[in-house]
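>>> Here is a sequence with its predicted model. Questions after.
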Amino acid sequence: MANVTLLVSKSCAACPSAKSLWKGMRVKYSFSYREIEISSEAGLELAERHSIRATPATLINGRLIFIGVPPRESAEKALQAKAKPKPKKDEADD
């Protein structure tokens, strides 16, 4: 299973869009997701380890993949190799 970590900041104007993108991707793909405030102890450690100086920043399986809000197509491509698509819901289930 893929692990997506989004580093965010309270003062970041683009962070809400990045949050929305990744949360929306969970409808189609199975992956774990967490948000970390960059000013927190964990956020500062990740920022230092990956030389991150801007938010939002997306890590997938511990690797820095995007700085900023990625285009949806790029985010999907990054997930396709690492996350399993969710099974389609049967219309009979509705």
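Perfect, thanks for sending it.
>>> Report the buried residues of stretch 54-61.
Neighbour counts using 16 or more other C-beta atoms under 10 Å place 55-61 of stretch 54-61 among the buried residues. In this view, the C-beta of every residue, glycine as well, is placed from N, C-alpha and C.
>>> Show me what the strand or helix carrying E76 is packed up against.
In the assignment (DSSP states H and E), E76 maps to helix 72-80. Applying 3 or more C-beta pairs under 8 Å, 6 or more residues apart in numbering; DSSP states H and E, we find helix 72-80 packed against helix 15-25, strand 29-37, strand 57-60, strand 63-67.
>>> redo that, cut-off 7 Å
On a contact count with 3 or more C-beta pairs under 7 Å, 6 or more residues apart in numbering; DSSP states H and E, helix 72-80 meets helix 15-25.
>>> Name the residues of the helix it packs on that come out as buried.
15, 18-19, 21-22, 25.
>>> Contacts for it next, please.
For helix 15-25, contacts defined as C-beta atoms under 7 Å, 6 or more residues apart in numbering pick out 4, 6, 8-9, 33, 35, 55-56, 69, 72, 75, 79.
>>> Those residues: which two are farthest apart?
Spatial extent of the contacts of helix 15-25 (C-beta to C-beta) is set by the pair S9 and L79 at 23.3 Å.
>>> if we can go back for a sec, closest one of the buried residues of stretch 54-61 to S40?
T55 (12.1 Å).
>>> Could you confirm that closest one falls within a strand?
No - T55 is assigned coil when assessed by DSSP: H, G, I helix; E, B strand; the rest coil, not a strand.
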